[in-house]
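Q: I'd like to go over a predicted model; first the sequence, then the structure.
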Amino acid sequence: MKYLLVGLGSDIREDDGIGNFLILLLKNYLKDFDFLILNQLLPEDILYFSEYEKVFIIDADITMMAGEVNLKRVKDIPENNFTYHGVGLKDLLKLGFQLGYIQGEVYIISIGVNSINIGDKLSDPLVKIVTDIAEKIVDVIKNC
C-alpha cells in the first residue's frame with residue numbers, strides 16, 4: 001500500500017504551522033510513507049493524491065484543546081463544515097473524488113492549537129507537547 005502524509009498550515013501563523021512541523025518529526029516514525037508540506041490545499045494539489053491508497057492531512061484546529069488529536073474520514077465530514085481556508089478542504093477533496101483523481105481514503109487529522117497569531121514559531125505550550133502529539137498521530141494512523 002502507498003500512504004501519503006500531508007502537513008497543512010502557515011509557518012508564519014504560530015501554531016497554524018503544526019502540520020508542517022509534525023511532518024518533519026514524523027519522517028522519523030513512519031518509514032513507509034511519502035510526505036508533503038503545503039501552506040493550503042489548492043485544486044491542483046489533489047493530483048498528488050491519485051497514486052495513494054490512504055492520504056492523511058494534518059491541520060491545525062483552534063476550536064480544539066491544545067494537543068488534542070482527532071481523526072475523521074473526509075467522507076464523514078459534514079458538507080457545511082467551517083474552514084479558514086479559501087475553499088473548504090471538504091469541497092476540494094470532494095471535487096477530487098468526483099473527477100476520479102482520488103481513489104483511496106482521505107483522512108483529516110486535526111490538532112488542537114493555542115494560537116494562530118502572526119509569528120514564525122510554535123507557541124511554547126505546544127512545543128512542550130509536540131513529541132506526544134506525534135506519538136498520538138502514529139497511534140491513530142496505525143489503528144486506521
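A: Good, I have the coordinates. Numbers count the residues shown, from 1 in each chain.

Q: What distance do you get for the nearest residue to residue 2 once chain neighbours are set aside to residue 67?
A: Ranked by Cβ to Cβ, 6 or more residues apart in numbering and with sequence neighbours excluded, the top spatial neighbour of residue 2 is residue 52, at 4.9 Å. C-beta: built from backbone N, CA, C; applies to glycine. As judged by Cβ to Cβ, to the nearest Å, residue 52 and residue 67 stand 27 Å apart.

Q: between the two, which one's more packed in?
A: residue 52 (21 against 18; other Cβ atoms under 10 Å).

Q: so that one makes contact with residue 107?
A: No: applying Cβ atoms under 8 Å, one finds residue 52 not in contact with residue 107, separated by 11.3 Å.

Q: if we can go back for a sec, roughly how far apart are the residue nearest to residue 2 and residue 33?
A: Relative to residue 33, and taking Cβ to Cβ, residue 52 is found at 9 Å.
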